[in-house]
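**Student:** only geometry, no sequence info:
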């Protein structure tokens, strides 16, 4: 158990420390980021965010409330490659619906981003430049500009500029160069600032700030009901009800921290790492304790069996393992994250949580079946009625969960380019609403009363 407690304590902290070095937010910072070869181009992805449009400014002095701003962006190359002038290091910003306007191919061959010799012969583009065509839906887009290296110069600076966003969409930023002599030796430093009309919070995350405010209020209402009953019948309170009190308190803190996290992010453009880590940790503890409560209630603890006996260590081991897996997953997904993580990396962290959840479900329903049989055999009708309602509620929750997982998989598989970013907030929101609903049912079934001890 000492070894388990060490792992439970150390792993989340190690994950958080590792993430502190790679935080990105609505202020995207570039610290010596390298270009990678993709086809005949060398590319660095500068960011992708959903941005809501602002009204076009009446004149140059009109304030712009939605933009992508480039600040102190500098490209550097090694001194051994500085003895010649090069073509531009391009910056391309485009809305996801205009992705087909980028790149082209000669005679139906492989699609290229950089203009090849064959395409240049056809007069389609100039060799060494990025292939792009004007958007038919969004005049003036995609936005393409850049900076060139002069001979004997190791760096070139991008002229500061701000791009106003007048059409709502998922915008992508790429730094690209087409010079085979430079290959992947170019690095980029500086930052870009992305802003929505209501603040710096990325578009797909913006609805979650209001959602967490709503959930905070919902937990306050639930807490008022529960604590009033707790204070009224404090002499009759069971250990189970103390555990439920802990879950409600953790839920209040988690929702309040998530709201503060998003509000601070929206105000400054930089995600407050400490608040995010605390929100994740409180949430992981809440989910772990909730599952353990449901499991021990299903086993009939305090109803048909006075203790868990030899099962205590197994229950604690499962709970500890689940906490570590959940904490790491939530840290990876939330600490400083804006752009989606690659599918394989995410799957690696999701699978352990999914397997442990499945194990919880199997153990819970197996235990419930045994407890219901014992209650029926002992003719404990009042408790049998509560357990039947509890079983039905859990069954409905599991069915809804499976259905929502299928919807989530379909949603993500059909949204490769994040075109449905405005609806994406519904997916995490559903899980919060479902867990809150189950907690409300548990509170209703096991609320402190004068008959609690019976």
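**Tutor:** Sure, I can see it. The structure displayed is predicted, hence computed values, not measured ones.
**Student:** Kindly provide the distance from the closest residue to residue 232 other than its chain neighbours to residue 241.
**Tutor:** Take residue 232 and drop its neighbours on the chain: the residue closest to it by CB to CB, 6 or more residues apart in numbering is residue 448, 7.1 Å away. Backbone N, C-alpha and C define where each C-beta goes, glycine included. Distance, residue 448 to residue 241, using CB to CB, to the nearest Å: 5 Å.
**Student:** circling back: can you give me every residue that contacts the residue nearest to residue 232?
**Tutor:** Counting by CB atoms under 8 Å, 6 or more residues apart in numbering, residue 448 touches 229-230, 232-234, 236-237, 241.
**Student:** can you pick the most crowded of these?
**Tutor:** residue 241 (21 neighbours; other CB atoms under 10 Å).
**Student:** Beyond the strand or helix carrying residue 92, next helix or strand please.
**Tutor:** Taking DSSP states H and E as the definition, residue 92 sits inside strand 88-95. Using DSSP H and E, the next helix or strand after strand 88-95 towards the C-terminus is helix 117-121.
**Student:** Could you identify the helix or strand that succeeds that next one?
**Tutor:** Using DSSP H and E, the first helix or strand after helix 117-121 is strand 143-148.
**Student:** Quick one: name whatever helix or strand follows that next one.
**Tutor:** By DSSP H and E, the next helix or strand past strand 143-148 is strand 155-157.
**Student:** and that following strand, which strands flank it?
**Tutor:** strand 67-76 (antiparallel) (DSSP bridges).
**Student:** what sits up against the partner strand?
**Tutor:** 30, 32, 51, 54, 89, 91, 93, 147, 149, 154-158, 160-165, 171, 173, 175, 186-195.
**Student:** Need the pLDDT of residue 382.
**Tutor:** At residue 382, the predicted lDDT confidence score is 86.
**Student:** sorry, that was for residue 25
**Tutor:** pLDDT recorded at residue 25 is 42.
**Student:** Residue 342 now?
**Tutor:** 44.
**Student:** so where is the stretch 251-400 of the chain shaky, pLDDT-wise?
**Tutor:** For the stretch 251-400 of the chain, the stretches with pLDDT under 70 are 336-346.
**Student:** hey, where'd the helices end up in the stretch 351-454 of the chain?
**Tutor:** 381-413, 426-445 (DSSP state H, counting those that start in this stretch).
**Student:** Return the distance of the shortest one from the chain's centre.
**Tutor:** Right, helix 426-445. On the basis of CA atoms, centre = their mean, to the nearest Å, helix 426-445 sits 19 Å off its chain's mean C-alpha point.
**Student:** Which secondary structure elements does that helix sit against?
**Tutor:** helix 206-232, helix 239-268, helix 273-298, helix 381-413 (3 or more CB pairs under 8 Å, 6 or more residues apart in numbering; DSSP states H and E).
**Student:** ok so, going back, of the helices of the stretch 351-454 of the chain, which is nearest residue 100?
**Tutor:** Residue 100 lies closest to helix 381-413 among the helices of the stretch 351-454 of the chain, at 20.6 Å (CB to CB).
**Student:** ok, back up a step: which neighbours do residue 448 and residue 241 have in common?
**Tutor:** Here residue 448 and residue 241 have residue 230 as joint contacts, going by CB under 8 Å, 6+ apart.
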